[in-house]
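1. For reference, the sequence and a predicted model appear below.
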Amino acid sequence: MAAIVIARERLLRLAPTLLGLALLAIFFAPTLDPRVQLYYRDTGRLYYPVKLFIAEQLRAGRLPFWDPLTECGVSLLGQVTPALLHPATLLYLVFPFDLAFKLNHMLGPLLAGIGAWRLARRLGSSPWASLAGATAYAGCGYLVSVTGSNLPYAIGAGSVPIAVDAVLRVVEAPSIKRLAWAGAALALIAYAGEPQAMLIAGLLSGAWALGLAFPDWRRAARNLGLVASCGVLAVAFSAPAVFTAVVELRRSTRADPITEKERAVFANHPFRLAGLLVPRAFDDAPEAVGAQQSTASPYTEYFTQGDAAFADSIVLGAPALLLAAAGASVRRKGALLFSGAVLLALASTGPALGIDRVLFALVPLASIFRFAEKLIAPASLLFALAAALGADLALGGTRRAAVRLAVAALLVGVGAAAAALWIGRSAPHLAQALATHGKTHGLAFATAFWREARAGLFDCAGLALVVALIALWRWSRQQPATPLAAVCCAASVFASCGGLLYSAPLAVVRGPFDLAERLRARAGPSRDRWRIFVNDKDPLRLSGLSARASVTVSMSQALLPQFNSVAGIEGMAPYFTASDPGYARGIVASPRTYFNLFGVRFVIDMPGAFSARTARERNFHKVGFGYWVGEYALHPRSFVVARAVRVGSIAEGLAHVAAPGFDVRQEAVIRGDGLPDMVEGAAAPAEWERIAPDRMMVHARGPGMLVIGEHFDPGWRATIDGRRAPVAEVDLAALGVVLPPSEVKVELRFVPAGLLPGLAIALAAGAALAAASWGRRKWVRVG
């Protein structure tokens, strides 16, 4: 009997945790069907191909720092977002790729729930109230949206509360082990490919540490010092990823100052903040208009200067917000959480209100981040934590608090229902009035907005009235109802965000792709032989699927980057975040020169790119779904030019390369340290071989400049017959080595620039912690 009682008590203790895990499993269950795959936006176009390449290389026993299938070669570690060194990469060794890819996406909400739970418990919330807060954050519109569309931002936002909790443990009771875990937890956010979330975690930790110390300023200084120590350690631990990223970013277009237009594109419109409470109306949902081949939506029509939202939804839901408002009255901590959430939500509007500039004016490196909309993630976290406090206060605390919650919920519910009914009665007039304020003034967008607003308001009203009934039940029965708070938050998540994880038949992202089959039939295998360049202007829209899925299948069938990688075809077109300006500008300025340099065999243009007459003039022919394909002569991947001139800037180099009569097989422009002003020799062929993705060997005869049609990166190292030789940037984009007047063997190996110093710093930090821990134990034993 005693054993049964103990088992029952243990089950009751575990019930919140088990329910939380069950909710996560149920939420993701439809996507786990092996016949479908996540595909939306960069999930399909970028992360699926890149993770597939990483998985293939890991299973072959290699850690792939270099991807030769993308952009004529690209540093995966330097690009940050592939998250090559994050522990989640191990999933691709353990599970079949398509399952591992889905589990990788589940990680963001899972970490978010665990972290929010721990922070809520730290605030003193009960297990069931903590589950309510964890559910609200893990299932908030922002997190679920980026889980389905942009993997690193989901894992970054999900990791923030875990990192904050780790730092606060150091603040409350410093120890070497806790310091090590705090540094590691913060560093893992950077390894996930989301350094902005790492910065946000540090800021939240600092603000929380100050709140714990107020008004004792000495204690505040001590707390900030501990937070800073965690931050320094995190930078040291993440140095292998951070240093390589800095090298890449400094030579990319991201090194340029952020323009006002860039700041405004991915910022929340002030009116969109109503979408925290009201689902659907403020979501970026092209389905609302009913068009099958367009991604335009009421959101893009009225609430952004760009053509898409960063996150399709920002909804948190009526239950979480009502509980958060109740939690605002919980002493000082509730008010601070709620006011902080409001401040961050307002800051997410970017230049519209300008609060983000004031808020981050004194924060180092904050100016390099472009997306104010991402601030809605920490805002949602703080609202969720306040909701956990509110659940305990109103549904497990005083009857007065329960009455206040019931009244507030009734007001919200009745108000939302009344607004929905009014919209239903006045919809035609409202649509006419709203249409005048849009980009295109299309009546369909206005009609769709009010239809979605009406449906969202009814959803809001229903959820709010359920909260009111639960609060009244708590008031009348005087029994704790905190488990029902978690149920309400879960119901809100499933009602408002259940459709944000977009999946489509596996073939949409995995193929086979008709165009790829045709190109291989014409030219044979692509790897190490030929490349394609795809011009994505005016892409074709294939019908038969939803608007979102039709966009993705159109891109995959056209082999737009990085879908070419999935098909095993090497591509040239740039798409990664940190774009090489010399490479990109060179392709635009003199495309045929760069097609020759990098061995492009096929150029693909969309069906609407030009007329049949223009196609005949350019020697393009139509294939498959109507794509225009131009075929070029295939040249060797490596060769020796007779003359090379050193230039000092991209503009100077472009002037040479784009000049009439420039022959990329006879002459070159070079940039780099330790290079002569001019190289003269004799043009000659070379024998090139790729030994591994990051290793190449060339046999050539000098004197002259050896040119290899592989994308330049400062991480490439060269030896000539075993002796180190500088690697030049040739024609602003390719690799080159100055050859002596003899026949030589040139070996090239890629080691990301900054990786080795970063590893040294990370290992030194770990060794210092280990030494400090050993010394402390020895001192304690002696004492």
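-> Thanks, I have it.
2. what helices or strands is the longest helix along the chain leaning on?
-> Using DSSP state H, we find that the single longest helix of the chain is helix 399-435. For helix 399-435, the helices and strands in contact under the criterion 3 or more Cβ pairs under 8 Å, 6 or more residues apart in numbering; DSSP states H and E are helix 318-327, helix 376-396, helix 443-477. Placement of C-beta: from N, CA and C, glycine included.
3. relative to helix 318-327, how tilted is it?
-> Counting by axes from the mean of the first three to the mean of the last three Cα atoms, to 10 degrees, helix 399-435 lies at 130 degrees to helix 318-327.
4. so which strand or helix has residue 707?
-> strand 704-711 (DSSP states H and E).
5. Convert that strand to CSV, retaining C-alpha atoms only.
-> In CSV, the C-alpha atoms belonging to strand 704-711 read as follows (Å, rounded to 0.1, in the frame of the first residue of the first chain):
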residue,chain,number,x,y,z
GLY,A,704,52.7,32.0,-64.1
MET,A,705,49.7,32.3,-61.9
LEU,A,706,47.8,29.1,-61.1
VAL,A,707,44.1,29.7,-61.1
ILE,A,708,41.6,27.3,-59.5
GLY,A,709,37.9,27.8,-60.2
GLU,A,710,36.9,27.5,-56.5
HIS,A,711,35.5,30.3,-54.4
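6. Could I get the buried residue list for the longest helix of the chain?
-> 401-402, 404-406, 408-410, 412-413, 416-417, 419-420, 423, 427, 430-431, 434-435 (16 or more other Cβ atoms under 10 Å).
7. report the angle between the axes of that helix and helix 443-477?
-> 170 degrees.
8. Show the average pLDDT along helix 399-435.
-> Averaged over helix 399-435, pLDDT sits at 95.
9. again with stretch 196-207
-> pLDDT averaged over stretch 196-207 gives 93.
10. ok now that stretch, how far from the chain's centre?
-> Between the centre of stretch 196-207 and the centre of its chain there are 17 Å (Cα atoms, centre = their mean, to the nearest Å).
11. Send me it as PDB with only the CA atoms.
-> Only the C-alpha atoms of stretch 196-207 are listed here, as PDB (Å, rounded to 0.1, in the frame of the first residue of the first chain):
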ATOM      1  CA  GLN A 196      21.800  38.100 -31.400                       C
ATOM      2  CA  ALA A 197      20.000  35.700 -29.100                       C
ATOM      3  CA  MET A 198      23.200  35.200 -27.200                       C
ATOM      4  CA  LEU A 199      23.400  39.000 -26.700                       C
ATOM      5  CA  ILE A 200      19.700  39.100 -25.600                       C
ATOM      6  CA  ALA A 201      20.300  36.300 -23.100                       C
ATOM      7  CA  GLY A 202      23.100  38.400 -21.600                       C
ATOM      8  CA  LEU A 203      21.000  41.500 -21.400                       C
ATOM      9  CA  LEU A 204      18.100  39.700 -19.800                       C
ATOM     10  CA  SER A 205      20.500  38.100 -17.300                       C
ATOM     11  CA  GLY A 206      22.000  41.500 -16.500                       C
ATOM     12  CA  ALA A 207      18.700  43.100 -16.000                       C
END
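12. Other residues contacting whichever strand or helix holds residue 518?
-> Assigned by DSSP H and E, residue 518 belongs to helix 514-523. Residues outside helix 514-523 that contact it (Cβ atoms under 8 Å, 6 or more residues apart in numbering) are 526, 529-530, 532, 557-559, 564, 567-569, 601-602, 604, 623-625, 627, 629, 631, 634.
13. Parallel or antiparallel, which strands does the very next helix or strand once past that helix pair with?
-> Moving toward the C-terminus from helix 514-523, the next helix or strand (DSSP H and E) is strand 531-535. Next to strand 531-535 in the sheet, as set by DSSP bridges, lie strand 570-571 (parallel), strand 600-605 (parallel).
14. right, so of those, which gets closest to residue 689?
-> Nearest to residue 689, of all the strands paired with strand 531-535, is strand 570-571, at 15.4 Å by Cβ to Cβ.
15. pLDDT on that closest one, on average?
-> The model assigns strand 570-571 a mean pLDDT of 96.
16. Stretch 66-84 too?
-> 94.
17. ok, now stretch 151-170?
-> The model assigns stretch 151-170 a mean pLDDT of 97.
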